[in-house]
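**Student:** got a sequence here, can you build the structure:
(one chain, ligands or ions: 1)
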Amino acid sequence: MSRKIKIFDTTLRDGEQCPGASLNIEEKLEIARQLTRLNVDIIEAGFAIASPGDFESVKQVAEKIKGPVICSLARCLKEDIKRAAEAVKPAQRRRIHTFIGTSPIHMEKKLRMKPDQVVQQAVEMVKYAKSFCPDIEFSPEDAGRSEKEFLYRIIKAVIDAGATTINIPDTVGYTTPWEFGLLIEDIISNVPEIKEIDLSVHCHNDLGLAVINSLAAVRAGATQVECTINGIGERAGNASLEEIVMALKTRKPFFNIETNIKTEEIHKSSRLVSNLTGLLVQPNKAIVGANAFAHEAGIHQAGVIRARETYEIMTPESIGLKESKLVLGKHSGRNAFIKKLKGLGYTLEKEKLEKAFASFKKIADLKKDITDRDLEAIAAEEIYITEESYKLDKIEIKSGTTVKPSAKLSLIFNGKKKEAKESGSGPVDAAYKAVQKIVGQKPKLVDYTIQAITGGTDALGEVTVRIKKDDRIYTGHGAHTDIIIASVKAYLAAINRMVSLKS
Ligand SMILES: [Zn+2]
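**Tutor:** Numbering: from 1, shown residues only. Purely as a prediction, here's the structure:
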């Protein structure tokens with residue numbers, strides 16, 4: 001008989017920690033809603049004590065998202081646990097996830113504690129967390145490099161103290177599938193109490209082994225996997241949810257393991273996370289890359305046309321990828337627009353929806369066919385904008401072979417209009433200088449990419465920029481049929497992010 005494992009999604013915590021992925025509360029809620037449709041078992045919504053913004057977003061997710069267990073991370077410290085408990089309190093089902101380093105290097109260098117002290121601290125803090133909430137997860141950080149005997153000891157102690165899930169993280173992405181599978185087997189046979197609770201794994205992708213390590217652990221008896229959409233996360237990222245889930249599904253007879261995931265929501269989830277974080281998915285990425293289901297070679301195409309199974313081990317429909325035919329145009333009404341956006345995973349609030357509809361109408365005037373990708377770009381832009389955002393009011397550009405490129409633009413900020421005119425080496429340079437003048441900041445532009453969202457010369461141009469200020473990276477996205485306007489929108493989005501996340 002097959003057994004079921006839990007999917008613990010940490011896109012909003014570990015995923016959001018990667019450079020440039022900073023999300024605002026609205027964006028986090030939008031992702032949490034989609035994770036709920038994807039039917040993940042647990043959402044790790046953030047690290048409540050990290051900042052007031054983190055606390056607030058965990059709290060909002062706990063208040064507004066019904067279904068999955070909502071979890072906050074906390075170090076094995078009283079203040080951390082208290083903060084996490086407060087943040088997840090409104091949730092229907094809540095969890096506190098607490099961790100402490102257990103490898104010799106973490107204990108000696110980072111914590112400056114003796115092994116006995118580490119065990120004592122872990123036990124006390126699990127008991128303390130238990131006073132707020134029945135569902136407690138404990139992670140021995142850097143378990144992959146910890147001494148096994150010590151791991152058994154601390155795991156046993158925290159289970160006695162009330163932990164209901166033990167998570168084994170390969171924090172630095174150092175282990176191989178053979179070692180990691182064996183570690184899980186050894187834990188199960190040396191700490192038999194663990195069979196009564198959940199045994200989880202959390203793998204990092206530094207050697208490209210996060211998914212295979214997770215699968216090896218599941219085969220060895222793990223009952224929960226921690227992962228992120230598109231595998232985003234610190235450094236090389238976390239194990240990717242879609243790869244784990246689809247491997248288990250496609251190779252069901254081999255693994256004999258199931259998850260609760262509604263796989264038809266995978267494609268939508270991947271697009272949403274990519275759009276909101278600005279982290280593009282590589283075209284050849286397994287499952288969710290743009291080419292994952294594209295059969296290019298003629299001989300393959302011929303086979304697929306006759307019988308799909310010849311070269312297709314899973315169908316595009318199984319991840320919710322439908323032939324993206326053009327759907328909306330100039331004459332499409334509000335209802336069709338709302339329905340389509342919902343279908344793409346966006347549930348904008350009323351005011352933002354109206355604004356998105358207005359920009360849809362404007363774009364429909366410039367461009368005949370509006371595709372899913374166009375709509376995603378329009379919606380993603382609206383989610384980001386808040387009251388305290390700089391908004392583009394007007395822009396006028398001069399460029400060509402006979403004039404010095406210049407830009408005259410006005411921005412609206414807190415209801416007031418501000419204007420500037422600048423010249424530069426090209427129209428984008430001139431426009432960015434004008435924006436800098438109004439905003440009064442000169443963040444360094446570290447990356448600028450432009451791509452046509454769809455084919456045709458009337459396509460929306462999608463610009464992604466990364467700017468750097470005080471060692472932090474902020475990403476911004478903008479789309480428009482006019483690439484200069486798209487460039488300014490992307491730059492403003494990044495600047496707004498910088499301004500709002502600074503606090
Ligand atoms: Zn991690």
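
**Student:** was I right about Ser332 contacting Ala364?
**Tutor:** Yes: with contact defined as Cβ atoms under 8 Å, Ser332 and Ala364 form a contacting pair (7.4 Å). Placement of C-beta: from N, CA and C, glycine included.

**Student:** what residues are shared contacts of the two?
**Tutor:** Ile370 (Cβ atoms under 8 Å, 6 or more residues apart in numbering).

**Student:** nearest spatial neighbour of Lys391, skipping sequence neighbours?
**Tutor:** Ile412 (4.6 Å; Cβ to Cβ, 6 or more residues apart in numbering).

**Student:** burial measure for that neighbour, as a count.
**Tutor:** 14 (other Cβ atoms under 10 Å).

**Student:** and it, helix, strand or coil?
**Tutor:** Here Ile412 is recorded as strand under DSSP: H, G, I helix; E, B strand; the rest coil.

**Student:** tally of neighbours for the residue nearest to Glu30 when sequence neighbours are not counted?
**Tutor:** In space, Glu30 comes closest to Ile383 once its chain neighbours are excluded; the distance is 5.8 Å by Cβ to Cβ, 6+ apart. Ile383 is flanked by 23 other residues according to other Cβ under 10 Å.

**Student:** now name the helix or strand holding Ile383.
**Tutor:** helix 372-384 (DSSP states H and E).

**Student:** give the helix, strand or coil label for the residue sitting furthest away from the middle of the chain.
**Tutor:** Here the centre of the chain is the reference, and by Cα atoms, centre = their mean the most remote residue is Thr402, at 45.8 Å. At Thr402 the chain is in coil, as set by three-state DSSP.

**Student:** contacting residues for it?
**Tutor:** Neighbours of Thr402 in contact, by Cβ under 8 Å, 6+ apart: none.

**Student:** which SS class is Asn260?
**Tutor:** Assignment for Asn260 (three-state DSSP): coil.

**Student:** residues near the nearest residue to it once chain neighbours are set aside, how many?
**Tutor:** Leaving aside its chain neighbours, Asn260 sits nearest to Asn39 (5.0 Å; criterion: Cβ to Cβ, 6+ apart). Using other Cβ under 10 Å, Asn39 has 15 neighbouring residues.

**Student:** which pLDDT does the model give Asn39?
**Tutor:** At Asn39, the model reports a pLDDT of 98.

**Student:** isn't it right up against Ile266?
**Tutor:** No: in this structure, Asn39 is not within contact of Ile266 by Cβ under 8 Å, at 10.9 Å.

**Student:** so the residue nearest to Glu30 sits against Thr347, correct?
**Tutor:** No: at 9.9 Å, Ile383 and Thr347 do not qualify as touching, with contact defined as Cβ under 8 Å.

**Student:** where do the contact lists of those two overlap?
**Tutor:** Glu30.

**Student:** any idea how far the residue farthest from the centre of the chain is from Ala431?
**Tutor:** 19 Å (Cβ to Cβ, to the nearest Å).

**Student:** mind listing what Gly144 touches?
**Tutor:** Contacts of Gly144 by Cβ under 8 Å, 6+ apart are Ser103, Ile168, Pro169, Asp170, Thr171, Val172, Tyr174, Thr175, Glu179, Phe180, Leu183.

**Student:** right, I mislabeled it, should have said Val211
**Tutor:** So Val211 contacts Cys203, Asn205, Gly231, Ala239, Ser240, Glu243, Ile244, Ala247 (Cβ under 8 Å, 6+ apart).

**Student:** among those residues, which are located in strands?
**Tutor:** Cys203 (DSSP state E).

**Student:** any chance of CSV for the contacts of Val211, columns pLDDT, neighbour count and distance to Ala62?
**Tutor:** Converted to CSV, the contacts of Val211 look like this (pLDDT from 0 to 100; neighbours: other Cβ atoms under 10 Å; distance: Cβ to Cβ, whole Å):
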residue, pLDDT, neighbour count, distance to Ala62
Cys203, 97, 29, 26
Asn205, 97, 21, 29
Gly231, 97, 27, 25
Ala239, 98, 28, 25
Ser240, 98, 25, 25
Glu243, 98, 22, 28
Ile244, 98, 26, 26
Ala247, 98, 21, 31
